[in-house]
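Asker: Any chance you could fold what I've pasted below:
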Amino acid sequence: MTRTGEKSYFEAGTLVAVLTAEPINRFLDYKAPEGGVFVGSFVQVPLGPRKVLGVVWGAGVGGFDLSKARPVSQVLDVAPMREEMMVFLQKVADYTLTPMSAMLRLATRAPGLGDPISMRKVYALGDVEPDRITDARTRVLNVLRENKASRLTKKELADLAGVTASVVDGLVKLKAVAEVETPRDTAYPKLDPMMAGLELSESQKTGGDALRASIAEQTYSTTLLKGVTGSGKTEVYMEAVAECLAQGRQALVLLPEIALTVEFLDRVEKRFGARPAEWHSGVTMTERRRCWRMIGDGKAQLVVGARSALFLPYQNLGLIIVDEEHDTSYKQEEGVFYSARDMAVMRASIVGASVVLASATPSLETWANADAGKYKRVDLEGRFGTAELPDMEPIDLRMEEMETQSWISPALHGEVQSRLDKGEQSLLFLNRRGYAPVTVCRACGHQVGCDDCDARMVEHKYHGQLICHQCGETKPVPTKCPNCDVEGRMAAVGPGVERLAEEAEVRFPDAKIEVLSSDMALSARALKERIHSIAAGEADIIIGTQMVAKGHNFPLLTCVGVIDADLGLQGGDLRAAERTFQLIRQVAGRAGRAEKRGVAFIQTHQPDHPVIQAIMKGEEEEFWRAEAAQRREAGVPPYGRLAGIVISGPDLKAVYDVATALSRNIEGLRQIGADVFGPAPAPIARVRGNHRVRLLVKAAKTTHIQPTLERWRNSIKAPNNVRISIDIDPQSFY
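Answerer: Okay, the predicted model is just below:
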């Protein structure tokens, strides 16, 4: 429970409880400063020799010599934390078993919140075109055109353009760039909810009206917006955003991939006449602080962001859109373990807001809630305009005569070639990054692994290195075996997208080939330019990983080839079938989004597998019902509860000692009907030099397991170098 009590204001000298963002899992008592302080006020308080950020949470507890109590150093000039936000942070902490200090850190991830309001120089496009243009000057001007709504400092502008500050100064002298004095943090431009959007189809209009009606009630609701890829879900939920803005409330749109924000912001600007606030890792620190402050002041109507945008200090939140709600990137698996989709529903229920969960292939959790009547459901039938859904055809790899070290079957080769002949685009999808997943010595069989993890290192030819996808460790590709020292026998085994691109270059020598993968390390601007060039037809064949499945629209793309559909069906992940179904359906949906009909070819060794059959037939509801029946029978999510416990540390014996002690002390869990499995080595048993051992707790859906889990964790005194992490509702089991 929060500690606000009945009192909301404390006079100078009164003892108040302050929650700090430091790793101290308790409230600290301080004296209210001169002028007093409100509950929710952001403050700076002394902690040892430092001054740290905190929030006044309620009345102090006392119980010590009050003369030793130190006063609050400063009350920050920002909007106080609202009670609903305090309740939300406490509920998330209770659900995820996270210390409140970590929750406050998550809610204050903006720099300089304690800085006084001040002026600064920012830069915008000027009125004059420079007489002499250079590559460096062009880059500066392009950055300013791309960031019209952002207020860039000289350093930010120079860094984004990859130039020195003197280039910016030169353009200022020429008046090609304007230097403006402005308050450090300013309101975002007003959005106009009355502006007309695109003309909607009958299905879209019906869906948009249903969402508007839910928003108009100004009470909590959650709606699944389900529509096939290309059905125009974005324009439909823009109707909900418009209704929310018309009410004077704030809206939040969560996107799963930073690469999607650039195109999405353009759509928002066309729809509402101005760009919204942004919150994601690609935003500058200056903009992050501005965004945080303006949201708290009610001067940002719409926020577009990544999952952490859910923890911003909204003044009057009326709507949360979770686009591609099935996407696994909404689950944070470091620090605070939370699902942004589930926490969005929680936050909306506290403030009386609406949630729209949009997806062509919803998660089973969302589908089950809609099926049970807990969520509303709006379906969009068919694609927008003249576009039609792609045909789905299997390619049985058992019947194909594949060349050694080749992954494009003769049948798929012929289909891609026919599209090249017609001037159409093809996409080859492989859910493996890099060049090859394993580098092996042909002399002794040694596989090159990470020195700090129990994972094989992936060769990346673009980087000229082996990279560990668990910890990011890199090393040069060896010319001789690190195990037997034999020279010239190292070989790359298995395909990654880089290797697939290499094969495509040989098989289609006249084609223009582009690779889209998260390993390309492109800036948001560079990625946008690459996607736009592909959409404009400047590539014949696209080679891609999961990135290409996320919302991109390539009008000339008519052929999709899924290279290895069986890859996702391997392993013991309870969500393997669901994720394979979602991913392949999403990727296939990239084809035929304009006038020309598309075809998706699925290469598989298991054409009769139920998941492959469901994909081919498009029997989505039948797939969800069959998958739901299996999960219900097994008593696993969404029809049961799971909690993953990972014990990790540098000393394997100490890790196992803690895990064994936990496994022998499960009486409390048995009393609530929970089962405990393990301890066992985690599938990846060592990450960043830390050994990892797992336990899994399984309980009935109606069981409130968190209090018992917390007592169980606290019953063991772990060494300082051993960490016990609890993941409620785990999404991955590595």
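
Asker: which residues of the stretch 201-350 of the chain fall in strands?
Answerer: 221-227, 250-254, 277-279, 302-305, 317-323, 331-332, 338-339 (DSSP state E, counting those that start in this stretch).

Asker: Parallel or antiparallel, which strands does the fourth one pair with?
Answerer: Strand pairing for strand 302-305, using DSSP bridges, gives strand 250-254 (parallel), strand 277-279 (parallel).

Asker: Out of those strands, which gets nearest to Cys444?
Answerer: Put simply, out of the strands paired with strand 302-305 the one that sits nearest Cys444 is strand 250-254, at 48.9 Å, with distance taken as C-beta to C-beta. (Glycine included, C-beta is placed from N, CA and C.)

Asker: Who are the contact partners of Ala21?
Answerer: Neighbour list for Ala21: 52-54, 101, 104-105, 108 [criterion: C-beta atoms under 8 Å, 6 or more residues apart in numbering].

Asker: Distance-wise, check it relative to Leu89.
Answerer: Distance, Ala21 to Leu89, using C-beta to C-beta, to the nearest Å: 11 Å.

Asker: Would you mind listing the residues touching both of the two?
Answerer: Residues touching both Ala21 and Leu89 (C-beta under 8 Å, 6+ apart): Leu104.

Asker: Show me the chain divided up by domain.
Answerer: Domain assignment for the chain by automatic domain parsing gives 9-82, 119-183, 202-380, 386-432+496-636, 435-494, 640-728.

Asker: so which of those is the most packed in?
Answerer: With neighbours defined as mean count of other C-beta atoms under 10 Å, the domains of the chain peak in mean count at domain 202-380, which reaches a mean of 21.

Asker: Could you pull out the buried residues of stretch 84-102?
Answerer: Within stretch 84-102, the residues that qualify as buried are 85-98, 100-102, counting by 16 or more other C-beta atoms under 10 Å.

Asker: For beta bridges, what are the partners of the closest residue to Leu225 other than its chain neighbours?
Answerer: In space, and not counting its chain neighbours, Leu225 is closest to Ala358: 4.3 Å by C-beta to C-beta, 6 or more residues apart in numbering. Judged by DSSP bridges, the bridge partners of Ala358 are Leu225, Asp323.

Asker: Verify the contact between Ala358 and Asp323 for me.
Answerer: Yes: shown here, Ala358 and Asp323 form a contact pair, counting by C-beta atoms under 8 Å, at 5.0 Å.

Asker: residues shared between the contacts of the two?
Answerer: Counting by C-beta under 8 Å, 6+ apart, the shared contacts of Ala358 and Asp323 are 233-234, 237.

Asker: Do me a favour and get the end-to-end distance for stretch 101-113?
Answerer: 17 Å (C-alpha to C-alpha, to the nearest Å).

Asker: Outside of that stretch itself, which residues are in contact with it?
Answerer: By C-beta under 8 Å, 6+ apart, the residues outside stretch 101-113 that reach it are 19-25, 42, 53-55, 76, 78, 81, 85, 89-90, 92-93, 285, 288-289, 291-293, 308, 311-313, 335-336.

Asker: Quick one: low-confidence residue ranges for the stretch 351-500 of the chain.
Answerer: 382-389, 462-463, 471 (pLDDT under 70).

Asker: ok, which stretches of it are helices?
Answerer: Secondary structure of the stretch 351-500 of the chain (DSSP state H, counting those that start in this stretch): helices located at 364-371, 410-421, 497-507.

Asker: same for the longest one, what does it pack against?
Answerer: Packed against helix 410-421 by the contact rule (3 or more C-beta pairs under 8 Å, 6 or more residues apart in numbering; DSSP states H and E) you find strand 425-429, strand 557-562, strand 599-604.
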